[in-house]
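next comes the sequence, and after it the predicted model I'd like to discuss.
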Amino acid sequence: MVEFISRMEHQKLTNSVSTFDPAASFSTSFGYSPLMLLPALLTLFPASVHAAGEQQWVKASWVDVRIVPAKDAKIIANLATNTAVSVEQRKDEWCLVSATTTGLEPLLKPAKGYIACNTLGTKKLTLGDVFAPGKDGTTAPDMEKQLFWIAPSLGRFTQVGTHLNYRSLSAEQSHREKTTRTPVRFEIPEFEAMKKRLMQGVVPLAEQELSRVNVNTFKAFNSIPAWYINSELINHVKTFEPQKNLPPAKSSLFKRHADVLLSGEGNADAIATMLGQPNSVKFSGKPEWITGHHDEGVSAFWDIRKIDVKYANPVALHSISHTGFVSARMIQSNVIMANSAAEGCAEGYPVLPEGQAVPGYPRSKEYPLVSFFVPRLLAIKKSDVFSRKAPVVVHSDPYSGPKNPQSRSILIHTLDLDQDGVPDLAIMEWSSPGFVSGSMSSQRYQFVNIAGDWWFAGYESYGECT
């Protein structure tokens with residue numbers, strides 16, 4: 001059961017327009033037409049500074065456009081992050097702007113209205129701009145929403161929905177939700193606009209979706225700062241000295257980053273990137289209160305629980321065994337579910353999507369050494385796998401710096417998929433005590449040869465169930 005309340009009731013309970021950035025009010029529906037603005041009213045407020053035609057970009061999220069320069073004035077539209085506007089007048093903290101789009105869809109003709117000048121910037125924001133903390137060390141309160149509008153994707157949409165669960169309720173609503181164990185939800189216009197944007201079709205860029213790091217330079221391929229990828233993880237990778245322990249890479253099977261996705265990278269957004277075509281999406285399910293393995297709470301992306309995703313074309317999931325045999329499955333769709341505390345845990349490596357087995361390919365009888373997605377079937381059923389042991393020196397605390405150097409033996413697997421003498425994939429594998437149980441579990445670091453360079457492409461671990 002979900003308690004859906006009206007927007008009016010929500011305003012009475014919170015006694016405010018929004019719990020978010022004041023410049024990103026959710027007080028009115030996106031559907032109100034900005035073309036209803038009365039031009040005569042705009043002339044009542046002459047500007048103290050005039051900069052007609054100055055182009056700027058909205059830097060906040062879902063900025064209110066008001067009919068007159070006043071905080072309590074009627075909101076006639078909202079503009080998404082990175083929407084271009086023409087600044088026609090400035091009056092104190094208010095800017096009269098003309099816009100030809102809302103950032104979601106074009107307008108029939110340019111619309112004018114007032115927005116807070118501090119929500120504008122002289123250039124478009126990038127993902128890196130938003131991730132980087134400000135001078136006071138903090139990030140924008142609407143960071144997740146800004147990231148979505150800069151680079152729309154299902155992953156960023158689910159991040160927004162997850163944060164709305166605990167950022168958009170008043171103290172009274174949160175208390176009621178916890179005591180009754182009934183989710184409290186109401187319509188949020190910006191979140192509805194995000195749904196609409198995804199249903200319009202989005203093709204993310206590889207440099208916005210793939211968190212790969214060059215083994216020689218340890219610089220990130222994508223536009224996200226390296227520290228966000230997980231600087232501690234990268235420091236740990238460095239202790240295994242992949243640039244020394246991996247064989248020289250030459251250009252071979254994969255020429256572009258979007259040519260291949262390792263198993264941990266094959267999410268719906270990355271697959272859309274690989275295909276160069278948008279996924280189709282369907283939102284469904286109601287929020288649920290879940291009591292589970294370790295905790296309890298609402299399982300939802302705000303007011304939905306499930307996203308059904310269908311790819312533009314089926315993609316091929318190839319799995320390589322330790323002996324080099326190649327199995328293949330075709331994957332057409334994906335289901336994204338909100339986290340459920342009741343799911344508990346499962347021991348082992350992550351479960352691969354089932355898909356449809358391809359006739360004529362061997363069946364995998366063990367958890368594969370590596371699995372990867374490609375746009376279409378490769379003409380291979382056997383690959384060359386070379387495995388060797390290598391001594392490395394790691395540290396008891398590799399995340400914070402060299403301490404107590406210790407020798408360790410690891411396995412290095414290199415895979416030549418097309419048998420041309422050049423390795424296309426590599427795996428570093430070792431065992432260590434589990435963090436909680438102390439039982440031995442395996443870790444695998446994955447590397448891919450892209451146009452003659454080794455790139456760290458994520459990891460797999462044998463999960464503990466505690």
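Noted; the coordinates are in hand.

what secondary structure does residue 235 sit in?
Following DSSP: H, G, I helix; E, B strand; the rest coil, residue 235 is assigned to helix.

any idea how many residues pack against it?
Using other CB atoms under 10 Å, residue 235 has 15 neighbouring residues. For glycine as for every other residue, the C-beta is placed from the backbone atoms N, C-alpha and C.

residue 109 too?
With other CB under 10 Å as criterion, residue 109 counts 9.

Three-state assignment for it, please.
Reduced to three states by three-state DSSP, residue 109 is strand.

all strands of the stretch 101-250 of the chain, in order?
106-116, 120-121, 184-185, 213-214 (DSSP state E, counting those that start in this stretch).

right, so those: which one is the most enclosed?
Comparing the strands of the stretch 101-250 of the chain by mean neighbour count (mean count of other CB atoms under 10 Å), strand 184-185 ranks first with a mean of 24.

could you give the mean pLDDT of that one?
Averaged across strand 184-185, pLDDT comes to 96.

so which residues of the stretch 351-466 of the chain form helices?
Read by DSSP state H, counting those that start in this stretch, the stretch 351-466 of the chain holds no helices at all.

sorry, slip of the keys, the one I care about is the stretch 201-350 of the chain.
Using DSSP H, counting those that start in this stretch, helices in the stretch 201-350 of the chain cover 206-209, 226-239, 242-245, 268-275.

quick check: which ranges of this protein have low pLDDT?
Along the chain, segments meeting pLDDT under 70 span 6-52, 134-138, 225-228, 293-294, 340-345, 396-403, 434-438, 466.

domain-wise, how is it divided?
20-121, 136-200, 206-461 (automatic domain parsing).

make a markdown table out of the ones you listed and add distance to residue 5.
Shown next, in a markdown table, are those (distance: least, CB to CB, whole Å):
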| stretch | distance to residue 5 |
| --- | --- |
| domain 20-121 | 14 |
| domain 136-200 | 5 |
| domain 206-461 | 11 |
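
grab the nearest non-local neighbour of residue 161.
residue 301 (2.8 Å; CB to CB, 6 or more residues apart in numbering).

burial of that neighbour, as a residue count?
Residue 301 has 27 nearby residues by other CB under 10 Å.

wait, doesn't it sit right on residue 288?
No: counting by CB atoms under 8 Å, residue 288 is not a contact partner of residue 301; they are 12.0 Å apart.

quick one on the thing from earlier: which one of the domains of the chain lies closest to residue 1?
When the domains of the chain are compared by CB to CB, domain 136-200 sits nearest residue 1, at 5.6 Å.

what about that closest one, distance to the chain center?
14 Å (CA atoms, centre = their mean, to the nearest Å).

ok, now stretch 454-465?
Its chain's average C-alpha position is 18 Å from that of stretch 454-465, according to CA atoms, centre = their mean.

list the buried residues of that stretch.
The neighbour-count criterion (16 or more other CB atoms under 10 Å) identifies 454-462, 464 as the buried residues of stretch 454-465.

for these, which one is nearest residue 359?
residue 460 (27.8 Å).

buried set for stretch 313-329?
For stretch 313-329, using 16+ other CB under 10 Å, the buried residues are 314-321, 324-329.

reformat those residues as a markdown table; add distance to residue 132.
A markdown table is the format used below for the buried residues of stretch 313-329 (distance: CB to CB, whole Å):
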| residue | distance to residue 132 |
| --- | --- |
| 314 | 39 |
| 315 | 34 |
| 316 | 38 |
| 317 | 36 |
| 318 | 38 |
| 319 | 39 |
| 320 | 39 |
| 321 | 43 |
| 324 | 44 |
| 325 | 46 |
| 326 | 42 |
| 327 | 43 |
| 328 | 42 |
| 329 | 40 |
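
return the member of these nearest to residue 270.
Residue 270 has its nearest neighbour among the buried residues of stretch 313-329 in residue 315, at 10.1 Å by CB to CB.

isn't the closest one right next to residue 275, touching?
Yes: between residue 315 and residue 275 a contact is recorded at 7.0 Å, counting by CB under 8 Å.

now for these two: what residues contact both?
Common contact partners of residue 315 and residue 275 (CB atoms under 8 Å, 6 or more residues apart in numbering): residue 375.

quick one on the thing from earlier: tell me the bridge partners for the residue nearest to residue 161.
With DSSP bridges as the criterion, residue 301 is bridged to residue 304.

and it, what does it touch?
Residues in contact with residue 301 (CB under 8 Å, 6+ apart) are 157-158, 160-162, 164, 307, 338.

next one: residue 416
383-386, 422-424.

for residue 304, same thing?
Residue 304 neighbours (CB under 8 Å, 6+ apart): 161, 283-287, 338.

and what of residue 114?
45, 65-69, 73, 94-97.

who wins for most neighbours among these?
Neighbour-wise, those (other CB under 10 Å) top out at residue 97, 28 neighbours.
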